[in-house]
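> model this:
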Amino acid sequence: DVAGMTQVQAEAAITGAHLSANITQEYSSVVPVGAVISQSPAAGTLVMGGMVTLVVSLGSSPVMVPNVVGLSQASAESAITSASLAVGTVTHQSSDTVAAGNVISQNPAAGASVSPHSAVDLVISDGPAGPVLPPDPTTVAPPVNPTAATSVAGTTGFLYTGSNPIQTGVESGTIVAKRA
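Residues are numbered from 1 along each chain as shown. Presented below is the predicted three-dimensional model:
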């Protein structure tokens, strides 16, 4: 009886009994990849030389990844789990073309053949990107020295100059210090 043995172990046992092995393969969700599912003739059958056919497991039958692009997150997750797959990493991204809450993309792609319980990663739309707001002036304003006299231009220059201005697009020299 070689059922459950690895293919190498089973072939060694068969040839050790002065028989030949004929190998076939099939999918099995129960028997691990490379292990013998069954044999013919059955174990214990008396034979005088000859061939023993071994059926070796290919593992679980692959499943096809469903197309979930455009579906709501809940519908996509349901389709994935119904296909004997798992929901993988879910990330969010802005999209001008895909409604908020719907799937922008998936990985692996629809139609791919994968092992059961493999993860399918999703990118979910947050809808269109909103306008980029300028930074809060209180976070970029330089500290004011209350013991020194300063000009209005000197204390407000951070609003339109520097590496992170509140007002962008102000050309150098547009605001004249004497007029500020």
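> quick one: contacts for Thr168?
By Cβ atoms under 8 Å, 6 or more residues apart in numbering, the contact list for Thr168 reads Pro134. C-betas here are computed from N, CA, C, even on glycine.
> er, Gly49 actually
18-19.
> where does it land in three-state SS?
Three-state secondary structure (criterion: DSSP: H, G, I helix; E, B strand; the rest coil) places Gly49 in coil.
> over to Val69?
Reduced to three states with three-state DSSP, the structure at Val69 is coil.
> name the element Thr168 belongs to?
Under DSSP states H and E, no helix or strand contains Thr168.
> report pLDDT for it.
On the pLDDT scale, Thr168 is placed at 79.
> distance of it from Leu159?
10 Å (Cβ to Cβ, to the nearest Å).
> before we move on, what about Ala35?
Separation of Ala35 from Leu159 (Cβ to Cβ) stands at 73 Å.
> compare those two (neighbour count), which wins?
Comparing Ala35 with Leu159 by neighbour count (other Cβ atoms under 10 Å), the higher total belongs to Ala35, at 19 against 16.
> tell me the contacts of that one?
When contacts are counted by Cβ under 8 Å, 6+ apart, Ala35 is found next to 4-7, 56-57.
> give me the below-cutoff pLDDT ranges for the protein.
180 (pLDDT under 70).
> center of it, which residue is that?
The central residue of the chain, meaning the one whose C-alpha is nearest the mean C-alpha position (Cα atoms, centre = their mean), is Asp121 at 3.1 Å.
> quick one: that residue and Val90 touch, right?
Yes: in this structure Asp121 lies within contact range of Val90 using Cβ atoms under 8 Å: 7.4 Å.
> can I assume the residue nearest to the centre of the chain sits in a strand?
Yes: residue state for Asp121 (three-state DSSP) corresponds to a strand.
> residues near Thr89, how many?
The number of residues packed around Thr89, counting by other Cβ under 10 Å, is 10.
> and it, what helix or strand is that in?
strand 86-93.
> what lines up beside that strand in the sheet?
Based on DSSP bridges, the pairing partners of strand 86-93 within the sheet are strand 119-125 (parallel).
> tell me which helix or strand comes right after the strand it pairs with.
As the chain continues past strand 119-125, the following element, by DSSP H and E, is helix 137-140.
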